[in-house]
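Novice: structural data only, the sequence is not supplied:
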């Protein structure tokens, strides 16, 4: 950006005060608006970062109104400079809030011509080329989903899966959805009517794009290879930034499975005789001028495919033998849950692992390579033959040639993925199996993921983009940014001398008056599982009943959740209170039922600790069963602990504790969503009363009213507090 703009934007910057003032544009359009100094300060900070090409990290407490605080300067800046800004979120809930509510409001009050666009991944769109490939099968197709998709395809303007009146299964949608390996771009016969290209045209016209973290990293990775999915942009606003490491780690992970292998190659030729190759042979059988190509496919291509397919049984037999070795080494194997088994450094280089996994899988990749080679030869031969015959035949097979090129690209990408998996360095990547299903014939997914994502984020994000603004309600630990900086690679950016703006804006809510935070001091230690569970369940029964429902009970493990729900749920039902548990219903449906009945309770785990809003009378009581330390047996966590030890650092202080504090802040934050909310947060883990790290947790949440006592005393205090608050409402 030219220096001219750096001096020419003060007028827009000064507008921020007016927009957020007591008699400004927002106030005039929003009856319940109250000016918040933190929101104004954050908005100015975002503008400064955009204008001065800086990195900003902003923690915005609940109630600050962070989406308005970054949308206003984003609109002002994009309008003035005509530069594009990408806003990235982690959850669909926040995306929907931005697109369907906040952006519409900001656009109207600013009288802006900018039309922000929600960018969806390719998989959300129908691919006409893929659907064309299935036409010969559709005449005999009995699957209602596929037939309905075909019918819908003739009328849809967008090709967006959301238009469907049903949710298709993954297997069916995979057959017809767009994907990058299959895309032929301008070389596709359906390019002009392509739904992805239609969406992209709208994207190119917009100066503000809303994406999720996965799409953001996908585009960043593609741009590093000189491939563009999103049009050029140089400025990013990342909301829900506390999830950025998890999102990056997930995106840059690689996987291979037996079931995935057979599913992938069924697109080429399936057991039932369907697939690309049989369809092509059937079509060619009617054209004698292509008899040589037909013979080549029928003889050479199918032979190589069948050899690969046949050898795959031997490969997976060897791997199954190694999986049995693993399963025989574990004390307990639950068929329904399966296990995660980490392959450590010594095992990765061991003769046993090499002979029973690496070598067999390399044999399979050699077979895939041979199939890739013969498939490429077939395309060249087919193309040359078609070019030399009359136009009518040439036109007849024009689509098929393009289809073959798409399948070739997909095959090449699949091959390269497996090669990468087999060549990773265990010093840099965590390697593990997910093993599940029957013990005698287990299924598996082989996974690799980067142990640390900090340098990768630095190189692909902070070194590339001029402005990166990260915001969340849960960034600091003990009021410090150190953990977030270390996790994201910003500590390296600082060492190189680049300026980073960072600040934390406290919530405007009166937590001292709105929240009672309690912890019983006589509850057994969480390690004493039977005694702890008994006391926990008794406490839940007594307190949920006294509050009258309106409760979230948040657990750190699904096993613990089910144990408590199986005992507490029936008790609540017998006393006229409904309750729901995660896993019993679809999460969204369960949340809707919970909101509809303010006397109900919801027992949840991981996904309910964050991103779930239930303001007002719906939620008055949040129970955190334990301090949310992650399980050290998780392969990625275990590998990261070892990494910190190798560096001579304390993994508990550098990793486990900060992670738990962030999660704790998220769980705590479920209760108060508006200035009129009130209620109780109960922590059923007395480690917070005596451990040396307890102050880190307490200092990381807003100051509340605290109460500590026996389980009975705490239960009475909860009842008294709620009754007092309810009487004040009246």
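Specialist: Okay, I see it. What you see is a predicted model; the values in this text were computed from it and never measured.

Novice: CA only for contacts and neighbour counts going forward, please
Specialist: Noted.

Novice: show me how far the host helix or strand of residue 107 is from its chain's centre.
Specialist: Per DSSP states H and E: residue 107 is located in helix 103-109. Relative to its chain's centre, helix 103-109 lies at 27 Å (CA atoms, centre = their mean, to the nearest Å).

Novice: what's around residue 378, how many residues?
Specialist: By other CA atoms under 10 Å, the residues close to residue 378 number 19.

Novice: surely it is in contact with residue 295?
Specialist: No. Contact between residue 378 and residue 295 fails when scored by CA atoms under 8 Å: they sit 10.7 Å apart.

Novice: surely residue 685 is in a helix?
Specialist: No. Counting by DSSP: H, G, I helix; E, B strand; the rest coil, one finds residue 685 to be coil, located in no helix.

Novice: pLDDT wise, what is it at?
Specialist: Residue 685 is assigned a pLDDT of 96 by the prediction.

Novice: repeat that for the one 3 residues further on.
Specialist: Per-residue confidence for residue 688 comes out at a pLDDT of 96.

Novice: what of residue 75?
Specialist: The score at residue 75 is 97. That number is its pLDDT.

Novice: just to check, it is in contact with residue 113?
Specialist: No. The criterion here is CA under 8 Å, and residue 75 misses it with residue 113 at 9.4 Å.

Novice: more neighbours: the two, which one.
Specialist: With neighbours defined as other CA under 10 Å, residue 75 and residue 113 compare such that residue 75 has more, 25 against 12.

Novice: mind checking which helix or strand that one is in?
Specialist: helix 66-81.

Novice: again, but for residue 255
Specialist: Secondary structure assignment for residue 255, by DSSP H and E: strand 254-257.

Novice: after that strand, next one along is what?
Specialist: helix 258-266.

Novice: and that following helix, what does it pack onto?
Specialist: Here helix 258-266 is seen to pack against strand 443-450 when contacts are counted using 3 or more CA pairs under 8 Å, 6 or more residues apart in numbering; DSSP states H and E.

Novice: circling back: give the residues shared as contacts by residue 75 and residue 113.
Specialist: Both residue 75 and residue 113 are contacted by residue 107, under the criterion CA atoms under 8 Å, 6 or more residues apart in numbering.

Novice: where does the prediction get shaky in this structure?
Specialist: Filtered on pLDDT under 70, the chain yields the residue ranges 1-10, 136-142, 730.

Novice: need the contact list for residue 540.
Specialist: Residue 540 makes contact with residue 568, according to CA under 8 Å, 6+ apart.

Novice: I should have written residue 672 there, sorry.
Specialist: Residues in contact with residue 672 (CA under 8 Å, 6+ apart) are 62, 514, 515, 615, 678, 679.

Novice: correct me, but the second one touches residue 674?
Specialist: What it means is residue 514. No. In this structure, residue 514 is not within contact of residue 674 by CA under 8 Å, at 10.1 Å.

Novice: those two: which is more packed in?
Specialist: Legend: neighbour count by other CA under 10 Å for residue 514 and residue 674, higher for residue 514 (19 against 13).

Novice: separation between that one and residue 675?
Specialist: Using CA to CA, to the nearest Å, residue 514 is found at 8 Å from residue 675.

Novice: any idea what residue 516 is bridged to?
Specialist: Beta-bridge pairing for residue 516 (DSSP bridges): residue 680, residue 705.

Novice: hang on, it packs against residue 683?
Specialist: No. Contact criterion CA under 8 Å: residue 516 and residue 683 do not qualify, at 11.1 Å.

Novice: list of residues touching stretch 289-305?
Specialist: Contacts for stretch 289-305 (CA under 8 Å, 6+ apart): 277, 281, 284-285, 367, 370-371, 374-375, 378, 381-382, 385, 389.

Novice: helix or strand: which one has residue 645?
Specialist: Using DSSP H and E, residue 645 sits within helix 635-646.

Novice: what is that helix packed up against?
Specialist: strand 339-342, strand 429-436, helix 651.

Novice: for residue 191, which of those is the nearest?
Specialist: If you check each of the helices and strands packed on helix 635-646 against residue 191 by CA to CA, strand 429-436 wins as the nearest, at 39.2 Å.

Novice: show me how this protein divides into domains.
Specialist: Listed domain ranges for the chain are 3-116+453-505, 122-194, 255-450, 511-729 (source: automatic domain parsing).

Novice: what's the end-to-end length of the shortest one?
Specialist: As for domain 122-194, its first-to-last residue distance stands at 11 Å under the measure CA to CA.
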